[in-house]
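**Q** Using only what follows, build the 3D model:
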Amino acid sequence: MINVSNIKKCNFLCLLLISLFIPKDIYPQDNRTECEKIILEADSLFNKVGDLKKSILLYTQAYYKCGNKEVEFNLSKAHALLGNKDSAFYHINNVFDKDSTSGLFDVGEYYLLIKDKRWETIIYKQLDKIQAKSGKIKKIDLAKKLINMRIKDQSYYYYIAKLPYSRELGDKYWPIKDKINKKNLKELKELIHENGGWPKISEVSSTISGAAFLIIQHSEPKTMQYYYSHFRKCVEEGEAEKRHLALMTDRMIGDLGAKQIYGTQISFDEKTGVYYLDLNEVIDPINLNKRRAEMDLKPIEEYLKNWNSELRNIPE
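**A** Sure thing, here's the model as predicted:
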């Protein structure tokens, strides 16, 4: 998780939850250098500048001229962010046909698509893949709702988290995000009540059950404290993931002013523009990786590398 000072806390967990393994398409050798340049420029416009229209033009050029289908995931997200629904659905479906994983396409960039009647087809494709790998999902309706709630939870993070930090973008999109989060939390509380408890792995699969964790993780400390014991019990019963409990624990005790246990909460230095973890803010840092391993978390060095973050105040 990443705590950005002077703006409301946001969680990037979800940023680690999607990984596509799409086979590479080979484009003509004589166009290779030119095509690579096109893709690099498109990636920069999409990931660093936020110029969606220009990135679409370049991704489209790479897609049709170079025959590079790997760009299609970003192409679908860029179209979705601009509300180009027909193009977004066309490319999402193409990506699904080539994707061999059972992961969720639950990125917040698809937020504007979930009310479109075509989105339900996308959800069923995801559910089919998950069931093919993990077995039948007992509560399909619950699973469908959680997938959509997860996308709502991740909505607008493209602008306030994935792009380089901008106070202007934060001021513009956080109020919108807050409204979505509050409504999402209200719906989750109702869902948990109707379900008779926390959505369990045995009910909706491990891939989908984490959605409830993400939403609670982004709530106020009082709500986290209320659901913490329920969630911990599910973890002890093997019905929720240990790593999520570690993240919730650090987030909750951090809000109370205590030191982290697992080092999951990363801070942002506005002066240097660097994300970091200060080991002075973690209990017993010498044994940090041991505790992380017990909760199914990667070593802290690998975790920080994924976030392009640095480790500060390392014990000698």
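
**Q** in the stretch 201-316 of the chain, which spans are strands?
**A** Using DSSP state E, counting those that start in this stretch, the strands found in the stretch 201-316 of the chain span residues 266-269, 274-278, 310-312.

**Q** Is it possible to get CSV of those that adds distance to P285, mean pLDDT and mean neighbour count?
**A** Where you see a C-beta, it was placed from the backbone N, CA and C, and this is true even at glycine. Converted to CSV, those look like this (distance: least, CB to CB, whole Å; pLDDT from 0 to 100; neighbours: other CB atoms under 10 Å):
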stretch, distance to P285, mean pLDDT, mean neighbour count
strand 266-269, 15, 88, 17
strand 274-278, 10, 91, 18
strand 310-312, 9, 93, 15
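
**Q** what's the closest of the ones you listed to S206?
**A** Closest to S206 of those is strand 266-269 (CB to CB; 24.4 Å).

**Q** so where's the stretch 1-150 of the chain shaky on pLDDT?
**A** The model of the stretch 1-150 of the chain has pLDDT under 70 over residues 1-32, 102-103.

**Q** can you pull out the helices in it?
**A** For the stretch 1-150 of the chain, applying DSSP state H, counting those that start in this stretch gives helices covering 13-16, 32-44, 52-64, 72-81, 85-98, 119-134, 140-154.

**Q** what is the mean pLDDT for the helix ranked longest in the chain?
**A** Assignment by DSSP state H gives helix 167-195 as the longest helix of the chain. Regarding helix 167-195, the rounded mean pLDDT is 95.

**Q** Is it correct that V204 is in contact with K138?
**A** Yes - counting by CB atoms under 8 Å, V204 does reach K138; the two are 7.5 Å apart.

**Q** Name the residue in the two with the higher neighbour count.
**A** V204 (27 against 12; other CB atoms under 10 Å).

**Q** Find the nearest non-adjacent residue to the more buried one, please.
**A** Among residues not flanking V204 along the chain, A143 sits closest, at 4.3 Å (CB to CB, 6 or more residues apart in numbering).

**Q** was I right about that neighbour contacting I208?
**A** Yes - using CB under 8 Å, A143 is in contact with I208, at 5.0 Å.

**Q** Now do the shared contacts for the two.
**A** Common neighbours of A143 and I208, counting by CB atoms under 8 Å, 6 or more residues apart in numbering, are I137.

**Q** quick one, which of those two is more surrounded?
**A** I208 (26 against 23).

**Q** The more buried one: what's it in contact with?
**A** Contact partners of I208, counting by CB under 8 Å, 6+ apart, are 104, 130, 137, 143, 146-147, 150, 199.

**Q** can you do 6 Å?
**A** I208 makes contact with 143, 146 under the criterion CB atoms under 6 Å, 6 or more residues apart in numbering.

**Q** Model confidence for it, exactly?
**A** I208 is given a pLDDT of 94.

**Q** now swap in the one 10 residues further on and tell me
**A** For H218, the pLDDT comes out at 90.

**Q** Burial check on it, number of neighbours?
**A** Other residues close to H218 by other CB under 10 Å number 23.

**Q** now the helices of the stretch 1-150 of the chain in a markdown table, with distance to E310?
**A** Listed next are the helices of the stretch 1-150 of the chain as a markdown table, based on distance: least, CB to CB, whole Å:
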| stretch | distance to E310 |
| --- | --- |
| helix 13-16 | 18 |
| helix 32-44 | 23 |
| helix 52-64 | 29 |
| helix 72-81 | 27 |
| helix 85-98 | 33 |
| helix 119-134 | 36 |
| helix 140-154 | 25 |
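
**Q** Compare the ones you listed and give me the one nearest R232.
**A** Closest among those, using CB to CB: helix 13-16, at 17.9 Å.

**Q** Can you report how many residues lie near L256?
**A** Neighbourhood size, L256 [other CB under 10 Å]: 8.

**Q** Then K53?
**A** If you count neighbours by other CB under 10 Å, K53 ends up with 10.

**Q** Repeat that for Y110.
**A** Per other CB under 10 Å, the neighbour tally for Y110 reads 23.

**Q** That one and A78 touch, don't they?
**A** No - the pair Y110 / A78 is not scored as a contact, 11.4 Å apart, by CB atoms under 6 Å.

**Q** Can you say which of the helices of the stretch 1-150 of the chain is packed in most?
**A** Comparing these by mean neighbour count (mean count of other CB atoms under 10 Å), helix 72-81 ranks first with a mean of 24.

**Q** helices and strands around it, which ones?
**A** Counting by 3 or more CB pairs under 6 Å, 6 or more residues apart in numbering; DSSP states H and E, the packing neighbours recorded for helix 72-81 are helix 52-64, helix 85-98.

**Q** which residues touch that helix?
**A** 20, 46, 52, 55-56, 59, 87-88, 91-92, 94-95, 109-110, 112-113.
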